[in-house]
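>>> Sequence isn't available, so here's the structure alone:
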């Protein structure tokens, strides 16, 4: 069980959050002639950068042959950067094991869900369960931390790089199978208990020993959902233990130096909160253009936001990783222009790099680092923009970073992001559950949660994210769009708190064993609501349900539940199937929605729910977004027309003004 924890103070007082936003850049000295290093470092400082990240892909340059270490180039690079006035973030290089190591120990390679070995030639080509790779990872981290742990220019350490990138959390290797069986034995104790939890009496799936259990892939039909969710839990735990092993080594050699990991957008393959327990700063990599192309919006909205990105996806993840870092969050890679890896790679509008930077600061980010300093003229990322062009000329991103650096001087120092009045629950095991049992191709929990977040944001309300382990003190409203596996202890704490709660469909519908609760869904939520879900439906795209809410009919879709309830009915289904049955019910403490609301219907529901909880809102902001950090107020215009900023009459504008052009930012105090 993930229990509430007080964040340990592993870092020195002088490494606490900066008084003002700091800027940085990702740099690869091994990719450029030595003669460029001093000039690059000087130009970084002149631009206003304070941080530089290096090293996360440098293993083959550090150790080109087994046991043959070449530290001199890295010693020199760190010294050049540090003497120029830059603070170094040093990445452990385990995301890219060298070819000689793969050839020597091919069992470190991951295996995909079709049973095919994923080979050397890119990155992240390792299996988290490989015992040999864990030994080799510890060895290189020990060597690096031993050499640079007390280096005065190395201020922060990053573990590995982007856990989960390119679907690399789940491996189906022999080593993963061995480790999974050991994990199951530790979890269940006896194979009889595993058979009960997995429901192996169904389809004669009974096991006589843990040694008989295989990994859940290449089956004729889907595996037991408990089998699949346990594999996801196991894989998540492998990431956590792999990361912790590196953190423990770094802490021994670099006491007082913060440790971070750079998480990703739209990835819930492992429990980020548990990795967050072992680090000091949660950082993440921000690529809104690819996020839009791969994201939740309709084709029409993707066209409308083509060069600005989804107005809520980036802010959502700033707030999420602020929770993972328990208040400390950085951007380790900020997109500075078009990238290379999405199905299409459009350029952001001029001004968006500046907007994204201020958006990060508004949502609690203390440092924004741009990827990368100079565009590479070779290898896989030749089309990925940098702050400089390949010939070292300034690109658009460079100019916008310079503008941010100048604007920073106008703002007061020491402003911190405070606790919001509204919290959204993001529970990773519940995400595993919906992937194991989606019950419909149109059900995507990540999109549903983002839709709810968008509705709150369009009404001008700040949001925190919480897990079921989090402190609830001070929240007026807790929103749970997809809390499939509800922890009874969390529900009890929520019941005792001062917060009201709104639950989406499927909440409380599965036990930790992935069974239907004995008393039927919503399981533990019965402590808050007199409610029983007796039937669920997933619906095709060509069909939409109609819900009567107030005096207005609204369209809903994708999911519908039939419920029995003693609570007040707040909305009902219309149409020719079970017309008049409850679509939303509630009492003074909690509400439950039995369908998936979207668009104007969801905006109306969320607005009414905020009012019910005593949270003040603004009129629908449309393409404008508002955020607050201390006494600073921020507005961001994602639309194509000038917008009016909802500032008080006595507002003092520090950046921008009351009329905000497209792709522009306003910052003011009241």
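It's in. This is a predicted model, so every value here is computed, not measured.
>>> Quick check: which ranges of the stretch 51-200 of the chain have low pLDDT?
The stretch 51-200 of the chain contains no residues with pLDDT under 70.
>>> Which stretches in it count as helices?
Using DSSP state H, counting those that start in this stretch, the helices of the stretch 51-200 of the chain run over 59-62, 72-83, 99-104, 131-148, 174-188, 191-198.
>>> of all those helices, which lies closest to residue 400?
Taking Cβ to Cβ, helix 72-83 is the member of these nearest to residue 400, at 22.7 Å. Bear in mind the C-beta positions are built from the backbone N, C-alpha and C, glycine included.
>>> The closest one vs helix 131-148, what angle?
Orientation of helix 72-83 against helix 131-148 (axes from the mean of the first three to the mean of the last three Cα atoms, to 10 degrees) gives an angle of 50 degrees.
>>> Please enumerate residues in contact with helix 72-83?
Helix 72-83 is contacted by residues 27, 29-30, 34, 37-38, 41, 52, 54-55, 58, 61-62, 88, 90, 148, 151-154 when judged by Cβ atoms under 8 Å, 6 or more residues apart in numbering.
>>> could you redo the last one with a cut-off of 7 Å?
Outside helix 72-83, the residues within contact range by Cβ atoms under 7 Å, 6 or more residues apart in numbering are 29-30, 37-38, 41, 52, 54-55, 58, 61-62, 88, 151, 153-154.
>>> Tell me the secondary structure at the residue of the chain most remote from its centre.
What lies farthest from the middle of the chain is residue 576; by Cα atoms, centre = their mean that is 40.9 Å. Three-state assignment for residue 576 (DSSP: H, G, I helix; E, B strand; the rest coil): coil.
>>> pLDDT score for it?
pLDDT for residue 576: 93.
>>> Relative to residue 593, how far out is it?
22 Å (Cβ to Cβ, to the nearest Å).
>>> residues contacting the spatially closest residue to residue 623 that is not a sequence neighbour?
The shortest distance from residue 623 to any non-neighbouring residue, by Cβ to Cβ, 6 or more residues apart in numbering, is to residue 639 (3.0 Å). By Cβ under 7 Å, 6+ apart, the contact list for residue 639 reads 622-624, 662.
>>> What are the phi and psi values at residue 639?
Dihedral angles of residue 639 (phi, psi; degrees, to the nearest 10) stand at phi -90, psi -180.
>>> show me where pLDDT drops low in this structure?
In the predicted model, the chain carries pLDDT under 70 at residues 1-17.
>>> what about the longest strand in it?
Ranked by residue count, the top strand of the chain under DSSP state E comes out as strand 552-565.
>>> buried residues in that strand?
For strand 552-565, burial by neighbour count (16 or more other Cβ atoms under 10 Å) applies to 554, 556-563, 565.
>>> Mind listing the residues bridging to the spatially closest residue to residue 594 that is not a sequence neighbour?
Excluding its sequence neighbours, the residue lying closest to residue 594 (Cβ to Cβ, 6+ apart) is residue 561, at 4.1 Å. Here residue 561 sits in beta bridges with residue 536, going by DSSP bridges.
>>> wait, isn't residue 561 in contact with residue 539?
No. In this structure, residue 561 is not within contact of residue 539 by Cβ atoms under 7 Å, at 11.3 Å.
>>> Of the contacts of residue 639, keep whichever come out buried.
Buried by 16+ other Cβ under 10 Å: 623-624, 662, out of the contacts of residue 639.
>>> what's stretch 290-300 in contact with?
265-266, 302, 305, 309-310, 313, 339, 341-344, 447, 450.
>>> quick one: buried residues of it?
For stretch 290-300, a neighbour-count test (16+ other Cβ under 10 Å) marks 290-293, 295-297 as buried.
>>> Check the gap between the residue nearest to residue 623 and residue 620 for me.
According to Cβ to Cβ, residue 639 and residue 620 sit 12 Å apart.
>>> How about residue 669?
Distance, residue 669 to residue 620, by Cβ to Cβ: 25 Å.
>>> So for these two, which sits in the more crowded spot?
Between residue 669 and residue 620, residue 669 has the larger neighbour count (other Cβ atoms under 10 Å), namely 17 against 14.
>>> The more buried one is in contact with residue 653, isn't it?
No. Assessed by Cβ under 7 Å, residue 669 is found out of contact with residue 653, at 8.6 Å.
>>> Show me the longest helix that occurs in the protein.
The longest helix of the chain (DSSP state H) is helix 225-253.
>>> How many neighbouring residues does residue 531 have?
Residue 531: 25 surrounding residues under other Cβ under 10 Å.
>>> How many neighbouring residues does residue 534 have?
By the criterion of other Cβ under 10 Å, residue 534 has 10 neighbours.
>>> if I read this right, residue 565 contacts residue 584, doesn't it?
No. Counting by Cβ under 7 Å, residue 565 does not reach residue 584; the two are 10.1 Å apart.
>>> residue contacts, residue 611?
residue 617.
>>> helix, strand or coil for it?
Under three-state DSSP, the three-state class of residue 611 is helix.
>>> And residue 262, by the same measure?
Secondary structure of residue 262, per three-state DSSP, is strand.
>>> Which residue is the nearest non-sequential neighbour of it?
For residue 262, the spatially nearest residue (Cβ to Cβ, 6+ apart) is residue 332, at 3.9 Å.
>>> and what of residue 253?
residue 149 (3.2 Å).
>>> Would you report the backbone torsion angles of that neighbour?
Per-residue torsions, residue 149: phi -60, psi -40 (degrees, to the nearest 10).
>>> so how far is residue 112 from residue 290?
Between residue 290 and residue 112 the computed distance is 22 Å (Cβ to Cβ).
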